[in-house]
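Student: here are the coordinates; sequence isn't available:
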């Protein structure tokens, strides 16, 4: 049985997306994290273009354009500027060591594939395997937010989660309505800016961007 | 047309106050604009009551009896919070806790927050509803950290991260919903419109919808403050300025629950009531019980009432989960009375904290001697929120309990124990604060008493007598979602 070229291409890009999600999880250096995040955005853009080209939905080209500008250029640039201004160069500590995190991550991937299989049966052939990968990317980014102790990697985890969601939107449903996508893009951009403002406030108060300093408010 | 005015006024106010929010008369402008919003929602309400549900602006906005009552409630509590914030924020400025620049941020973001909540309520597009809910988080996060103390920064960070992650789950749920709808309605904007989805809800794929609802419930449930996703809520309420605690508790939680209920109606069409109802009852009951037991351990007055909000949101979620005309009616009534009572309590708690200079309940004593009106307001508000007859909270809790006895007997003892524990914990803490040996001094600026007592009077009146048009209105709304 031959698989169409476009499907193969989307599958390769989906696999790359998942690989980058794992790379984000294992990377210790903040600068590399930002580069990986930009790369993830680029892969997302490419997959959106492939889907747009093979299905003929022209809205998806606009969506790819938004992703390119926002996720590959603008947000990485903002993050670069931030870490320059805040002199963050040091390595990132994690809560659990990296091999353990990777094992948990593999478990999450299996879980998301199991969850997505019944739904994938209903999807068109082009995108059958992608819903599971999208869910896995979301959960891996979530894991990254949990295990990281510094504010910047947490934010990158949040943005990577948004990438996974956008991937689900573009490949599983061939793009959501454009108005909606613009709204989401605006929210993400504003969130990044607020995160930036926050970094300065936190730095001013705690002399560090380590979230461990912020555990004064207890549960009870 | 009315819809556009309702949304346009707070948006214009946000822009206006972004320019002039630091002026001496800015609090008055804030209150005036909030009143204009309230007036516009009353016009909208009158029209919906007269003509039935309306669709506006290319079907992007949809108003029926369910959301119009929440729109009116939101605008009303927003207006009284703006009235309350006049003396409250001036006192904060006198004491140097905020400067002019931050007041400008505060006023502008307050109006933007009102705008996003009204947009979330009025939007017919489930995607736009999501964008507006995220917007509500973004507009309040800098308000929670307004005082820039370490604790408030920590609270705001927690609020931001947890709610953003939560809302991202809701986004995945929305994508799955669209994925299912697209098969029936075809791709394009129509498949995200709630009214279109509602028309074909019986044909949507059940497997996809069940997964979508789980994600939507977790996502919006984080903002409702359902246990175990409630961690952000007590911190954000305790550390932010009090008018914001009041609108977060009285309004934002309602709007988030509204999104859950709207999704539930769609999912029930495909799956029957059992699936979503069971999940909501479970989460609701867990929230009631856990929050009730956390109440007795609180030291901070605003934190304690934040846990009380979790408890009450749990009761509403449970009521909507049970479904049926009576339970949905009780849920809607509880939304109204909780929102009014809790905001009144936060108003008095804020003034009490200002009068004594602390939020620590052990140091707030004898309010009736130093500030009698605030003391009595807090005492009456507490009795109301604890479900004492004849207040409206009693009516709605009574309806929830009797329905539970008929349909889910096992849940009744859990609810009763939780309500009992909540009563004992809150009453024991509020009593000495109101009547004990006096500490603190009378407030130098006259406190905002009108909003407090108007809210409590309405809750009192609703417990004694519900006007027929209001009952009809609730019935219609309950029929829509039951």
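Tutor: Received, thanks. Note that the structure is a prediction, hence the values are computed from the model and not measured. Numbering: from 1, shown residues only, chains lettered A, B, ... in the order given.
Student: alpha carbons only for contacts and neighbour counts from here, please
Tutor: Noted.
Student: in chain A, where is pLDDT below threshold?
Tutor: Within chain A, the stretches with pLDDT under 70 are A:1-3, A:88-95, A:123-128, A:208-209, A:211-220.
Student: near chain B, which residues of it are found?
Tutor: Contacts of chain A with chain B, taken as Cα under 8 Å from any Cα of the partner chain, map to A:118-119, A:142, A:158, A:161-162, A:165, A:168-169, A:172-173, A:176-177, A:180, A:183-184, A:187, A:190-191, A:194, A:198, A:201-202, A:205-206, A:214-217, A:219-220.
Student: go again with 6 Å.
Tutor: Proximity of chain A to chain B (Cα under 6 Å from any Cα of the partner chain) is limited to residues A:173, A:177, A:180, A:183, A:214.
Student: most surrounded residue in these?
Tutor: Neighbour tally across those (other Cα atoms under 10 Å in any protein chain shown): the maximum, 22 neighbours, falls on residue A:173.
Student: and that residue, its phi and psi?
Tutor: Per-residue torsions, residue A:173: phi -110, psi 10 (degrees, to the nearest 10).
Student: ok, residue B:62 next?
Tutor: Here is the backbone geometry of residue B:62 (degrees, to the nearest 10): phi -140, psi 130.
Student: these two touch, right, it and residue B:124?
Tutor: Yes - if you go by Cα atoms under 6 Å, residue B:62 and residue B:124 touch, sitting 5.0 Å apart.
Student: might you report the residue contacts of residue 153?
Tutor: All of this refers to chain A. If a contact means Cα atoms under 6 Å, 6 or more residues apart in numbering or on different chains, then residue A:153 has no contacts.
Student: sorry, I should have been clearer: chain B.
Tutor: If you count contacts by Cα under 6 Å, 6+ apart, residue B:153 has them with residue B:145.
Student: just want the most central residue of chain A.
Tutor: By Cα atoms, centre = their mean, chain A has its centre lying nearest to residue A:160, at 1.5 Å.
Student: that residue in helix, strand or coil?
Tutor: The three-state assignment at residue A:160 reads helix, by DSSP: H, G, I helix; E, B strand; the rest coil.
Student: residue contacts, it?
Tutor: residue A:141.
Student: what's the separation between residue B:394 and residue A:43?
Tutor: Distance, residue B:394 to residue A:43, by Cα to Cα, to the nearest Å: 57 Å.
Student: make that residue A:198, sorry
Tutor: Distance, residue A:198 to residue A:43, using Cα to Cα: 29 Å.
Student: with residue A:114 instead?
Tutor: 24 Å.
Student: more crowded one of the two?
Tutor: Set residue A:114 next to residue A:43 and count neighbours by other Cα under 10 Å: residue A:43 wins out with 24 against 12.
Student: which element is the more buried one on?
Tutor: According to DSSP states H and E, residue A:43 maps onto helix A:30-55.
Student: again, but for residue B:409
Tutor: Secondary structure assigned from DSSP H and E places residue B:409 in neither a helix nor a strand.
Student: now do the phi/psi pair for it.
Tutor: According to degrees, to the nearest 10, residue B:409 has phi -60, psi -40.
Student: tell me how many other residues surround it.
Tutor: Other residues lying near residue B:409 total 13 when counted by other Cα under 10 Å.
Student: likewise for the one 3 residues further on?
Tutor: Burial of residue B:412, expressed as a neighbour count using other Cα under 10 Å, amounts to 19.
Student: for it, report the pLDDT, please.
Tutor: Listed pLDDT for residue B:412 reads 93.
Student: tell me where chain A has helices.
Tutor: Counting by DSSP state H, chain A has helices at residues A:5-26, A:30-55, A:59-67, A:75-86, A:98-120, A:130-147, A:151-167, A:178-206.
Student: in the third one, what's buried?
Tutor: Residues A:60-64, A:66-67 are the ones in helix A:59-67 that count as buried (16 or more other Cα atoms under 10 Å in any protein chain shown).
Student: of the residues you listed, just say which sits nearest to chain B.
Tutor: Proximity of these to chain B (Cα to the nearest Cα) peaks at residue A:60, which lies at 11.8 Å.
Student: and the residue nearest to the closest one when sequence neighbours are not counted, how far from residue A:45?
Tutor: Closest residue to residue A:60 apart from its sequence neighbours, by Cα to Cα, 6 or more residues apart in numbering or on different chains: residue A:52 at 5.3 Å. To residue A:45, residue A:52 is 10 Å away according to Cα to Cα.
Student: can you report how many residues lie near residue B:55?
Tutor: Neighbours around residue B:55, by other Cα under 10 Å: 16.
Student: who's it bridged to?
Tutor: For residue B:55, the beta-bridge partners are residue B:62 (DSSP bridges).
Student: just the pLDDT for it.
Tutor: 89.
Student: so it touches residue B:62, yeah?
Tutor: Yes - if you go by Cα under 6 Å, residue B:55 and residue B:62 touch, sitting 4.6 Å apart.
Student: where are the low-confidence patches of the stretch 151-300 of chain B?
Tutor: Within the stretch 151-300 of chain B, the ranges that satisfy pLDDT under 70 run B:188-189.
Student: helices along that one, start to end?
Tutor: Applying DSSP state H, counting those that start in this stretch to the stretch 151-300 of chain B gives helices spanning B:194-199, B:206-224, B:232-239, B:242-247, B:253-271, B:273-295.
Student: helices and strands around the second one, which ones?
Tutor: Contact partners of helix B:206-224 among helices and strands, from 3 or more Cα pairs under 6 Å, 6 or more residues apart in numbering or on different chains; DSSP states H and E: helix B:150-185, helix B:253-271.
Student: and among those, the most buried is which?
Tutor: Highest mean neighbour count of these: helix B:150-185, a mean of 24 (counted as mean count of other Cα atoms under 10 Å in any protein chain shown).
Student: tilt between it and helix A:98-120?
Tutor: Counting by axes from the mean of the first three to the mean of the last three Cα atoms, to 10 degrees, helix B:150-185 lies at 30 degrees to helix A:98-120.
Student: ok, which residues in the stretch 251-400 of chain B are in contact with chain A?
Tutor: Checking the stretch 251-400 of chain B against chain A by Cα under 6 Å from any Cα, there are no hits.
Student: endpoints of stretch B:180-199, how far apart?
Tutor: Stretch B:180-199 end-to-end distance (Cα to Cα) = 14 Å.
Student: would you mark the buried spots in that stretch?
Tutor: For stretch B:180-199, using 16+ other Cα under 10 Å, the buried residues are B:180-185, B:187, B:189-198.
Student: ditto for stretch B:385-396
Tutor: The neighbour-count check on stretch B:385-396 (16+ other Cα under 10 Å) flags B:385-388, B:390-396 as buried.
Student: next one: stretch B:85-101
Tutor: B:85-92, B:98.
Student: what mean pLDDT does that stretch have?
Tutor: For stretch B:85-101, mean pLDDT rounds to 92.
Student: thanks a lot, see you next time.
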